[in-house]
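Asks: just need the structure, nothing else, for what follows:
(chains A, B, C and D)
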2 protein chains.
Amino acid sequence: MRSKDEGPWKGLGEFIRAQRELAKLSVRQLSEMAKISNPYLSQVERGLYKPSADVLKSIANALQMSAETMYGQAGLLDDDETVDDAINRVEAAIKLDTQLTTEQKDTMMRIYRGFTQR
Amino acid sequence: MRSKDEGPWKGLGEFIRAQRELAKLSVRQLSEMAKISNPYLSQVERGLYKPSADVLKSIANALQMSAETMYGQAGLLDDDETVDDAINRVEAAIKLDTQLTTEQKDTMMRIYRGFTQR
DNA sequence: AGCGCGTGCTTGGTATACTTAGCAGACAAG
DNA sequence: CTTGTCTGCTAAGTATACCAAGCACGCGCT
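Replies: Residues are numbered from 1 along each chain as shown, chains lettered A, B, ... in the order given. Below is the predicted model:
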């Protein structure tokens, strides 16, 4: 994972700073709302550090934007939306189901894949 | 988030482990796909560490699920991301699937409802 | 001349995410 | 039996996200 160049997520800091200034908040004000320290927010805005997901979420909430928007800006969402079709929707729904045991999921997967074999 | 909530991460590791076993992958196999070390994946699955967002995304990709799904399970997506109506999700996904015949959909519905009857 | 309060930034440290090297058990084949 | 190769896990280290304390400036007031 370790991205070695600093550029890519530097845009995130600029984005946060822009949003903060747009909301007319000081570094300290926003940092307090987001429950992070003010020097750290300053460093994040200048691209020195890559904030973790929960910090991002916290900042997003303080700025009244959705966490997904923030993750998108951070480049943490933009992955392979390769196959958006029904196969993955069914399989994803099964996998996510909290009521099924692993064996039951396995069974449904095998049946489903058997059906969709062509 | 240095706040007081320290432990509530319970489910994520178990979730990842369940998904990995569902995909019939070893710790080493998945860790290689996700480009993380195998002991670290092991520790994550046992709830010892809280993986960062990009690691989560990487694992999600390796498991062929969307990053948002993974974030949702990790509790990193904004709270209103309720997953408790997974039932409807599975049933809806099956109904909408264009690859299944009516009889096949019926079969999966019966099996699914049989599983979730308690 | 101060003083007080605001701004953002630097320093130095701690906590934790993450890695590399290696261990012990299970199973298969020679 | 030994040897090789899986499995997951432990131990010990490195890298970095994050915090507390403090610095340097600017602005308004007395």
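Asks: what is the neighbour count of the residue of chain A found nearest DNA strand D?
Replies: Across chain A, the shortest distance to DNA strand D (CB to the nearest atom of the strand) belongs to A:Ser52, at 3.1 Å. Heads up, the C-betas are built off the backbone N, CA and C, glycines and all. Residues contacting A:Ser52 under the criterion other CB atoms under 10 Å in any protein chain shown number 16.
Asks: ok, A:Leu41 touching A:Ser31?
Replies: Yes: between A:Leu41 and A:Ser31 there is a contact under CB atoms under 8 Å: 4.2 Å.
Asks: ok so, going back, please report how far the residue of chain A closest to DNA strand D lies from DNA strand C.
Replies: Separation of A:Ser52 from DNA strand C (CB to the nearest atom of the strand, to the nearest Å): 7 Å.
Asks: state the pLDDT value of the nearest residue to that residue once chain neighbours are set aside.
Replies: Leaving aside its sequence neighbours, A:Ser52 sits nearest to B:Ser52 (CB to CB, 6 or more residues apart in numbering or on different chains; 5.4 Å). Each residue has a pLDDT score; the one for B:Ser52 is 92.
Asks: how about low-confidence regions in chain A?
Replies: Low-confidence segments of chain A, defined by pLDDT under 70: A:1-10, A:78-88, A:118.
Asks: how about 80 then?
Replies: Low-confidence segments of chain A (pLDDT under 80): A:1-10, A:77-89, A:92, A:96, A:98, A:117-118.
Asks: and the strands in it?
Replies: Using DSSP state E, chain A contains no strands.
Asks: let me see the domain layout of it.
Replies: Domain assignment for chain A by automatic domain parsing gives A:10-74, A:86-116.
Asks: does any bit of the last one sit next to chain B?
Replies: Yes: using CB under 8 Å from any CB of the partner chain, domain A:86-116 comes into contact with chain B via A:86-100, A:102, A:104-109, A:111-112, A:115-116.
Asks: circling back: would you mind confirming that the residue of chain A closest to DNA strand D is in contact with B:Ala53?
Replies: Yes: applying CB under 8 Å as the test, A:Ser52 and B:Ala53 come out as touching, 6.6 Å apart.
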